[in-house]
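Visitor: this is a predicted model, with the sequence first.
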Amino acid sequence: DVKGNKTVSSLTVLAKGKTHAGQPLSSAILNEDLKRLYGLGYFTDVRIEQEDYLEGVKVIFVVVEKPVLSEIKIEGNHKIAKDTIKKEMQSSVGDFVDQKRVRDDVEAVKKLYEKKGFSEAKIDNSLDVNSDTHQAVLRVIIDEGTKVRLRDIHVAGNPSLKTGDILGKIKTKKMEWWGWFHSGYLNEEDLSEDIERIKAFYDENGFSDVEVTTDTQPFVGKDSGDIILKITINEGKKYLVGVVQLKGNSEIVSDEILKAIQMTKEKPFSRRGLRLDVANIQDLYFEKGYLSAQIRSESVYNETTDH
């Protein structure tokens with residue numbers, strides 16, 4: 001039997017279980033039934049009760065259903081339309097309320113506002129549940145904050161690489177109205193990726209230990225709320241390639257292998273370059289029919305030669 005269900009039919013609950021009348025009772029199967037019912041995503045709680053029945057035992061699945069979403073209200077939005085916001089959300093009217101999905105929806109709306117230049121926007125939510133109808137209204141509460149534009153980007157701590165080359169590697173751009181138009185919105189996700197792009201650029205130039213941090217400061221001007229992005233770089237040590245040694249190449253001569261690699265002596269050492277050289281050597285062996293050849297690399301810093 002099933003108790004506590006209001007929206008989900010008893011037939012649906014019983015169909016998911018493998019405990020059936022007339023069969024021996026198994027605690028292992030009952031535990032599996034519990035997992036299957038939780039897996040439906042319809043219930044906040046499921047428990048099993050047993051009571052004597054005729055010459056056997058009556059099994060009762062007692063469920064507590066999640067509330068059904070009857071309405072989604074968007075509040076506090078002035079710059080972005082409600083329909084645009086709802087398109088970013090996974091929750092839909094008629095669905096059982098899923099708290100993880102609601103959290104994902106809040107994050108999706110937050111990212112939407114960031115893309116539109118509202119990096120200071122705050123998104124909250126509340127759930128109003130009617131205990132009589134067991135239906136819920138989801139309220140998405142928005143504080144749009146001030147629309148922020150990026151007026152300039154300052155790079156510090158980069159004596160080895162040109163600022164223009166660094167800025168050319170990143171997606172974040174300052175506001176510009178001429179030439180190539182840039183809105184100048186600051187997107188936290190893009191900024192995180194830009195840090196990795198700068199690190200990769202430095203790695204290609206031999207700075208494997210580089211550290212990159214970012215900060216913002218108010219732009220002093222007529223447009224209040226605009227900011228300046230500061231990128232601070234700690235370049236660390238520059239590593240150069242010293243001696244290149246090959247071992248285990250009995251079938252292909254060293255000179256031919258060395259022609260396949262890009263990181264030769266006195267060139268900047270990089271992790272990405274090492275991976276590419278390993279792939280080039282692997283390709284060379286494949287071309288010559290050695291399909292099972294395995295290439296491994298090892299790099300050792302020599303303090304004496306500084307390479």
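Guide: On my side now, so go ahead. Residues are numbered from 1 along each chain as shown.
Visitor: now stretch 209-227: buried residues?
Guide: For stretch 209-227, the neighbour count (16 or more other CB atoms under 10 Å) marks 210, 212, 214, 219, 226-227 as buried. For glycine as for every other residue, the C-beta is placed from the backbone atoms N, C-alpha and C.
Visitor: so which helix or strand takes in the most centrally placed residue in the chain?
Guide: Among the residues of the chain, the one closest to the centroid is residue 189, at 9.0 Å (CA atoms, centre = their mean). Residue 189 is part of helix 188-204, with elements assigned from DSSP states H and E.
Visitor: show me what that helix is packed against.
Guide: With contacts defined as 3 or more CB pairs under 8 Å, 6 or more residues apart in numbering; DSSP states H and E, the packing partners of helix 188-204 are helix 99-115, helix 163-167, strand 211-218, strand 227-234, helix 271-287.
Visitor: okay, now the sheet partners of the fourth one, with direction.
Guide: Partner strands for strand 227-234, per DSSP bridges, with pairing direction: strand 150-156 (parallel), strand 211-218 (antiparallel).
Visitor: apart from its chain neighbours, what residue comes closest to residue 270?
Guide: With CB to CB, 6 or more residues apart in numbering as the criterion, residue 270 has its nearest non-adjacent residue at 4.6 Å, and that residue is residue 203.
Visitor: identify the residues contacting that neighbour.
Guide: Residues in contact with residue 203 (CB atoms under 8 Å, 6 or more residues apart in numbering) are 210, 270-272.
Visitor: which pLDDT value goes with it?
Guide: Reading off the per-residue confidence, residue 203 sits at a pLDDT of 93.
Visitor: wait, residue 234 sits on residue 202?
Guide: No - with contacts counted by CB atoms under 8 Å, residue 234 stays clear of residue 202, the gap being 10.1 Å.
Visitor: more crowded one of the two?
Guide: residue 202 (26 against 13; other CB atoms under 10 Å).
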